[in-house]
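Novice: Sharing a sequence plus its predicted fold:
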There are 2 protein chains.
Amino acid sequence: MTYLPQPETEQIAFANVLTALGDETRLAIIGRLARNGELAMACGQFGEICSKTALSYHLSKLREAGVVHVRPEGTKRLVTIRRADLDQRFPGFLDSIIATAQHLPMPGEDGSEGDVA
Amino acid sequence: MTYLPQPETEQIAFANVLTALGDETRLAIIGRLARNGELAMACGQFGEICSKTALSYHLSKLREAGVVHVRPEGTKRLVTIRRADLDQRFPGFLDSIIATAQHLPMPGEDGSEGDVA
């Protein structure tokens, strides 16, 4: 099984979380995950947001900052928001991010690429 | 009077705001401004956070993203958080940032420099 490094709850740094979220494509990924509730999503379900290569890059940024869990399962990778960890460390923050992220235009809708910069 | 460019309310982009805030020194500046309430602060009042050169750099990042207003007054520059604009665009977001920023250690307290990277 591939080892996917991610910080422990206490190691999640607020500045790193903000930097990881400071990208339209990553905000769209968070908005999509939030709309799916508590259910894990497979990488193939983000096809409307960006290419597979771009998704892999953006998910690694979110995972390394402690925003999402990425868990290999067979040939798939399942993604969830680390809601409990983020709510514990930064109360109210994730909800405010999701509230805004769900109302942003999808990357590309304004003519931009929404791909790896 | 020096022209200090900053986005109109409607031009403030969420990803840019998050990127600008994704830095320990800039979070400390926001925490310090928040503790000062609605009052503008002069650049000289941030001396415990970072050097004058670093402050100038960090304030420009916050200003260009639309997080703070920087207004020249005589030989001084007065800084305020753009609370009304941010609350209008991203309800609840600024409060969650301030709540966390006020509890973070000052840059340098953990041994890091807290200066321009």
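Specialist: Yes, it's here.

Novice: only C-alpha atoms for contact and neighbour calcs from this point on.
Specialist: Noted.

Novice: May I ask which helix or strand encompasses the nearest residue to residue A:93 once chain neighbours are set aside?
Specialist: Nearest residue to residue A:93 in three dimensions, chain neighbours excluded: residue B:96, at 5.0 Å (C-alpha to C-alpha, 6 or more residues apart in numbering or on different chains). When elements are assigned from DSSP states H and E, residue B:96 belongs to helix B:93-101.

Novice: ok, now residue A:33?
Specialist: helix A:24-35.

Novice: same check, this time on residue A:70
Specialist: Here residue A:70 is assigned to strand A:68-73, by DSSP H and E.

Novice: and that strand, average pLDDT?
Specialist: Mean per-residue pLDDT for strand A:68-73: 92.

Novice: Next secondary structure element downstream of it?
Specialist: strand A:76-81.

Novice: In that next one, which residues are buried?
Specialist: For strand A:76-81, the buried set under the neighbour-count rule, 16 or more other C-alpha atoms under 10 Å in any protein chain shown, comprises A:78-81.

Novice: pLDDT added to these, as a markdown table?
Specialist: As requested, the buried residues of strand A:76-81 are exported to a markdown table (pLDDT from 0 to 100):
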| residue | pLDDT |
| --- | --- |
| A:78 | 94 |
| A:79 | 95 |
| A:80 | 95 |
| A:81 | 96 |
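
Novice: Show me which of these is closest to residue B:63.
Specialist: residue A:81 (30.3 Å; C-alpha to C-alpha).

Novice: so how far is residue B:60 from the closest one?
Specialist: 32 Å (C-alpha to C-alpha, to the nearest Å).
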